[in-house]
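Asker: Got a predicted structure here, sequence first:
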Amino acid sequence: MNQVNDKNSGYIIQATSSLKEAMEVITANHRGSAVVVDDSLHVVGVVTDGMIRRALLKGAVMQTTPVSQALNYNAITISSRDIETLKNPEKFFLEHWEVNVVPVVDEKNVLVDVVIRG
């Protein structure tokens, strides 16, 4: 995997990781969600603890089901060119009350940062 700012590594998980590994990341970051990326750091989506819970209720197996089977592929993102939003993320989070973790992506949908509520 390529590098992303170390301070945000606790909010990122590989698409091939298990639901268990995703829950460990989500539990550790205390934000209820994680950004899911492929090997090239392209954002695949965002997964929440609620999405994992629903997948388990539908028969997913915590240790073996990949997180890619439980995520939102249409995640809200912020463009790395959106300087105004990046300078004032509080306004963004007021408008998007349902999210706590937002991937910042370049023009090729590669993760460059993660903005965290609070």
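Answerer: Yep, it's here.

Asker: Would you map the helices across the protein?
Answerer: Assigned by DSSP state H, the helices in the chain fall at 19-29, 49-57, 83-87, 89-95.

Asker: Most tightly packed of these?
Answerer: A comparison of the helices of the chain by mean neighbour count, using mean count of other CB atoms under 10 Å, puts helix 19-29 on top with a mean of 18. Quick note: C-beta positions are derived from backbone N, CA and C, even for glycine.

Asker: Return the list of helices and strands in contact with that one.
Answerer: strand 12-14, strand 33-37, strand 43-48, helix 49-57 (3 or more CB pairs under 8 Å, 6 or more residues apart in numbering; DSSP states H and E).

Asker: okay, these in TSV with mean pLDDT and distance to residue 72 next?
Answerer: Output for the helices and strands packed on helix 19-29, formatted as TSV (pLDDT from 0 to 100; distance: least, CB to CB, whole Å):
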stretch	mean pLDDT	distance to residue 72
strand 12-14	96	14
strand 33-37	96	9
strand 43-48	97	5
helix 49-57	97	7
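
Asker: Nearest to residue 74, out of the ones you listed?
Answerer: strand 43-48 (7.3 Å; CB to CB).

Asker: Could you check the angle the closest one makes with helix 49-57?
Answerer: Between strand 43-48 and helix 49-57, the angle comes out at 80 degrees (axes from the mean of the first three to the mean of the last three CA atoms, to 10 degrees).
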